[in-house]
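> Next comes the sequence, and after it the predicted model I'd like to discuss.
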Amino acid sequence: MAHTTVKEFLKKKGINITVKTYLIDALGAMAFGLFASLLIGTIFGTLAEKIQIPLYCTMFHTIAEYCKSATGAALGVSIAYALHAPQLVLFSAATVGIAGNALGGPVGALVSTVIATELGKLISKETRIDILVTPGVTIISGVLMAQFVGPGVSAFMTAFGNLVKTATEMQPFFMGILVSALIGIALTLPISSAAICIMLSLDGLAGGAATAGCCAQMIGFAVLSFRENGVGGLLAQGLGTSMLQMGNIVKNPRIWIPPTLASIITGPIATCLFHMENIPAGSGMGTCGMVGPIGVYTAMGDSSDMWLSILLICFILPAILTWIFGEILRKIKWINPGDLKLDL
C-alpha cells in the first residue's frame, strides 16, 4: 500500500525515474542550453576575431562574453525545463546550473540540476510559504550537490577527455575511425553529441574526427534521402539534424549503414591527411547551423588546408560516399523506396 502511495505521489509530482528521463531527455535539453549560450557565443567570438571593423568587432566580442558567462544558467534552465519543472523550480535552476557548471562543468550542471529539480518538484506547492520553501530547497540542494560531486566529475571527465585526445594523437588512424563513428552515431541518436564533446573538452585531432563523424551523418542522410524528401529534407537534415531519421532507423536499421560507413572513412582522412582540428563547442555539432565548420575555422585559422578540409570532410566526401553506399544497399533491397521518408 505504501509503495502504491509513493508511486502515486511521484506521478502526481511529475517525477519519472527512468534512464530516458535523465540520460536522453535531460541530456538532449542540454544541447539547447549550450546552443543558446556557449555555442552562439563561440560564433560571435569568431566573428569578433575575424571582422576588421572596430565597431562590429567590439560589439560581437561583448555579446560573446555575455553568452559564454550565461552557460551555467542556460544549462540549468534547459535541464529543468526538460524535467517539466514548475515555475519556481525552473527559475531557481538557473542558480543551480551556474554552481554546477562552475564546479563541475556541464556534467556537474547536469547532475546537480537533476537532483535539485526533482527535490524542488517534490516540495513544490506543499506548504503555504511555497514562494520561499521551493526555491530554497531547490537552490540549497543543487549547490550542495554541485560542491559534493562537481570537482570529482570535472576531474574524471577531463582525464577521460585527455585520454581520448592523447590516444587520437598517438593512433590517428584507428582513433580517427573510432571517434568519428561513435560521435556520429551519438549525433543521430536522441542524445546530445554536442554535450558529450563539450563535457569531454574534445578538441584538436579528436575534435576533428568527431566533426567528420557528425558531418557524415548529417550530410549523408540529407543526400541519401533526397529522392524521398527533396530540398526541404536536404536542408532540414544537412543544416538541422540527422536525428529526424531516428524513427525510420527503428523501422529499418540498415538505412544507418551508408552514413556510418562514410564516417569510418572520413574520420581517419580528417586526422591523418588533413590534420583537421576543432574546438569542443563545435566538434559535436556537425553542419548544424554551420557550427562545426565555424569551429574548424576557429581552431585551425585561415589557411588553404583549412578550407580544403572543411569542403572535403564536412560536405563533399560525406555526400559522395553515402550516396555510393546507399545505391549499393538499394540495389540489394536493404533500402527500399519510402524507407527514408520524413513527415516534413
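Great, that's in hand.
> only C-alpha atoms for contact and neighbour calcs from this point on.
OK.
> Listing request: residues of the stretch 201-344 of the chain with sub-threshold pLDDT.
344 (pLDDT under 70).
> what's the spacing between residue 198 and residue 215?
Residue 198 sits at a distance of 17 Å from residue 215 (criterion: C-alpha to C-alpha, to the nearest Å).
> who has more neighbours, these two?
residue 215 (38 against 26; other C-alpha atoms under 10 Å).
> burial count for residue 253?
14.
> Might you report the residue contacts of it?
Counting by C-alpha atoms under 8 Å, 6 or more residues apart in numbering, residue 253 touches no other residue.
> same deal with residue 203?
Counting by C-alpha under 8 Å, 6+ apart, residue 203 has contacts 165, 277, 278, 279, 280, 283.
> Got phi/psi on it?
phi -130, psi -170 (degrees, to the nearest 10).
> Equivalent analysis for residue 128, please.
Taking degrees, to the nearest 10 as the convention, residue 128 sits at phi -80, psi -10.
> what about it, distance to residue 134?
For residue 128 relative to residue 134 (C-alpha to C-alpha), the value is 11 Å.
> Output the longest helix belonging to this structure.
Identified as the longest helix of the chain according to DSSP state H is helix 130-170.
> and that helix, what other elements does it pack with?
Here helix 130-170 touches helix 87-123, helix 172-188, helix 204-224, going by 3 or more C-alpha pairs under 8 Å, 6 or more residues apart in numbering; DSSP states H and E.
> looking at the ones you listed, which is buried most?
helix 204-224 (a mean of 35; mean count of other C-alpha atoms under 10 Å).
> tell me how far the next helix or strand after it is from the chain's mean position?
Once the chain leaves helix 204-224, the next helix or strand it forms, by DSSP states H and E, is helix 226-235. Offset of helix 226-235 from its chain centre (C-alpha atoms, centre = their mean, to the nearest Å): 24 Å.
> relative to helix 204-224, how tilted is helix 226-235?
Going by axes from the mean of the first three to the mean of the last three C-alpha atoms, to 10 degrees, helix 226-235 is angled at 130 degrees with respect to helix 204-224.
> in the next helix or strand after helix 226-235, what counts as buried?
Sequence-wise, the next helix or strand downstream of helix 226-235 (DSSP H and E) is helix 246-251. Residues of helix 246-251 classed as buried by neighbour count (16 or more other C-alpha atoms under 10 Å): 246, 248, 249.
> just the residues you listed now: which is nearest residue 106?
residue 246 (25.4 Å; C-alpha to C-alpha).
> Look up the closest residue to the residue nearest to the spatial centre of the chain, ignoring the ones flanking it.
Most central in the chain under C-alpha atoms, centre = their mean is residue 194, positioned 2.2 Å from the mean C-alpha point. Among residues not flanking residue 194 along the chain, residue 284 sits closest, at 4.0 Å (C-alpha to C-alpha, 6 or more residues apart in numbering).
> what sits against the one you found?
Here residue 284 is in contact with 183, 187, 193-198, 207, 210-211, 214, 292 (C-alpha under 8 Å, 6+ apart).
> As a markdown table, these with distance to residue 19 would be great.
Below are the contacts of residue 284 laid out as a markdown table (distance: C-alpha to C-alpha, whole Å):
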| residue | distance to residue 19 |
| --- | --- |
| 183 | 20 |
| 187 | 18 |
| 193 | 17 |
| 194 | 19 |
| 195 | 17 |
| 196 | 16 |
| 197 | 20 |
| 198 | 21 |
| 207 | 27 |
| 210 | 25 |
| 211 | 27 |
| 214 | 24 |
| 292 | 29 |
